[in-house]
Each structure stands twice: as C-alpha cells, then as structure tokens.
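> need a 3D model of the following:
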Amino acid sequence: MEGPKGKPRWAAAYLWLQAVAVAGWWIWLALRPDARGLFFPPMAGRLVFGFAVPDFSVLVMGSLIGGFGLARGRRRMAPLLAVLFGGCLYAALYTVAIVAMDPAAWLGCAAMALMTTGTGLVAFGREGR
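Got it, this is the predicted structure:
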C-alpha cells in the first residue's frame, strides 16, 4: 500500500521499529554487560557507550522523526532520510572494523548491514523519488 508522497506505508513503521530496536539494544547492553561480548571485542569494555549518544541522537531520533514525517506526509523528508542513512552506514562501517579486530563480533556487523539496507530502501527506494 502506498502512503503519503508515494512512500509505502511500511516505511514509517520500519523507522519506528528501528528506533525502538536501537534504543532497546542500548538498554540491553547497559543492563546486561555479558551481552556486549556478542557485539564488541572484550577490549572495548565500557567504551562502547561512547557510541550511545550518537546512536540515540542520529539513529533513534532520526528514525522517530523520519517515521513521524512519513506517516504525516511531510514534505522534504529526503534530507533527513539521507542523514539517517549516512548514520547507519557510518555505524555499519565501524562494525566492519570491529570484526576485522575480532571476528567473533560478527553479529553487530550483520545487524548493521540489515539496518543500513532497510534504511537505504526507505531513503532511496524507487517510491517517492
């Protein structure tokens, strides 16, 4: 089904789900330190939380605002969606570097690859160009 400005209705829902997933992921890492080992090498320790502020600022807030804008049919969402995609791409490239240091941290790289692909489809998909 098509939503406002030709974007499919799933685009807003995807962005909202993405915002909740990223926020929930950070909360999980804060509450369960043993879970950090699934995504980061042991040497990272608590330093991983240095990425929490950019993730909340760009990925969570950008996804929430983008989802709201798409659902409401707001004009000129393309710049925000492009910035959101750039934030995802940056984080994805960071996870590639982490896997180069510790291949056991592949799960974060896989998750970011999926998130970056989904956000790219929302931002640059054929609908609403």
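> so Met77 versus Gly108, what's the distance?
When distances are taken as CB to CB, to the nearest Å, Met77 and Gly108 turn out to be 28 Å apart. (Each C-beta comes from the backbone N, C-alpha and C, glycine too.)
> looking at those two, which is more packed in?
Met77 (24 against 21; other CB atoms under 10 Å).
> which helix or which strand is home to the residue nearest to the more buried one when sequence neighbours are not counted?
Closest residue in space to Met77, ignoring its immediate chain neighbours: Gly69 at 4.7 Å, by CB to CB, 6 or more residues apart in numbering. Assignment of secondary structure by DSSP states H and E places Gly69 within helix 61-72.
> which stretches of this structure form helices?
Secondary structure of the chain (DSSP state H): helices located at 9-31, 52-54, 61-72, 78-101, 106-124.
> and the shortest one, what does it pack against?
With contacts defined as 3 or more CB pairs under 8 Å, 6 or more residues apart in numbering; DSSP states H and E, helix 52-54 has no helix or strand neighbours.
> report the mean confidence score over that helix.
Model confidence over helix 52-54 averages 93 on the pLDDT scale.
> let me see the residues that make contact with that helix.
With contact meaning CB atoms under 8 Å, 6 or more residues apart in numbering, helix 52-54 is reached by Trp26, Gly87.
> rerun at 10 Å
Outside helix 52-54, the residues that touch it by CB atoms under 10 Å, 6 or more residues apart in numbering are Val22, Ala23, Trp25, Trp26, Ile27, Leu29, Ala30, Val60, Gly87, Tyr90, Ala91.
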